[in-house]
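**Q** Sequence and predicted model, in that order:
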Amino acid sequence: MATRVGLYPGTFDPIHNGHTDIIGRAVKLVDKLVIGVAVDSGKNPLFSLEERVAILQEELAHLPVPVSERAEIVVMPFKGLLMHFARQVDAAVIIRSLRAVADFEYEFQMTAMNQQLDREIETVFLMADPRHQAIASSLVKVIAQLEGDVTKFVSPRVKEALMAKVGRS
Ligand code: COA
């Protein structure tokens, strides 16, 4: 039987509870989930690519979904066009999440452009969990830098990495 590959792309700078929730749900929908970490998505990341990948791997080791109930998960950095990377990893579907109406415009445009680039690869949207609707990596970083508490938004492991990064450990 063919393996259905899903691709979940992002900057993951760093991974937060919203991302983890999407990963935990996506692994039940495909046979293999590739988490594509954008080398450069124009966001000037706080964490290096190596750090973002390492933090992600660590989070995956603690994913609250039994191994028997989930797809194989692979973390891969990627450069260049998402659709080229999707072809490279044989993805049948790209998984994105929608938090609020504000996300729609951007996601709509990106999906429409991506469809023009490759019509065979579908994009599927998962609604962000209401508990995580407001989370954004950029806001989590600002809160950490301004000595706020990020406990509700990231795992204890990511919190530790963030604290060390902003010199608060
Ligand atoms: N709950 C809460 N927040 C969520 C979430 C969820 N379920 N899912 C995402 N977010 C947040 C993220 O933290 C992020 O916040 P930030 O912008 O403050 O960092 C924001 O929503 C969007 O991030 P994300 O979904 O991770 O996307 P991204 O912007 O990091 O990644 C790429 C975008 C990498 C997919 C895109 O830039 C890309 O495809 N680049 C390659 C070049 C290309 O092909 N471009 C498209 C041409 S049409």
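**A** Noted; the coordinates are in hand. Numbering: from 1, shown residues only.

**Q** Could I get the full set of helices for this structure?
**A** For the chain, the helices defined by DSSP state H cover 17-26, 49-60, 82-88, 101-117, 137-145, 156-165.

**Q** What is the burial count for the residue of the chain found nearest the ligand?
**A** Nearest residue of the chain to the ligand: residue 18, at 2.2 Å (Cβ to the nearest ligand atom). Yep, even glycine has a C-beta here, placed from its N, CA and C like the rest. Neighbour count of residue 18, defined by other Cβ atoms under 10 Å: 22.

**Q** wait, it sits on residue 139?
**A** No: taking contacts as Cβ atoms under 8 Å, residue 18 lies outside contact range of residue 139: 10.9 Å.

**Q** which residue sits closest to residue 77, ignoring its sequence neighbours?
**A** residue 37 (4.8 Å; Cβ to Cβ, 6 or more residues apart in numbering).

**Q** what's that neighbour in contact with, if anything?
**A** Residue 37 makes contact with 9, 10, 11, 12, 49, 52, 53, 56, 75, 76, 77, 78, according to Cβ atoms under 8 Å, 6 or more residues apart in numbering.

**Q** Name whatever forms a beta bridge with it.
**A** residue 10, residue 77 (DSSP bridges).

**Q** For residue 146, see how far away it is.
**A** Between residue 37 and residue 146 the computed distance is 26 Å (Cβ to Cβ, to the nearest Å).

**Q** And the ligand, is the lowest-mean-pLDDT helix or strand in the chain touching that?
**A** Here the helix or strand of the chain ranked lowest by mean pLDDT, DSSP states H and E is helix 101-117, holding a mean of 94. Yes: on the criterion Cβ under 6 Å from any ligand atom, helix 101-117 is in touch with the ligand at 110, 113, 114.

**Q** Kind regards, and thank you for your time.
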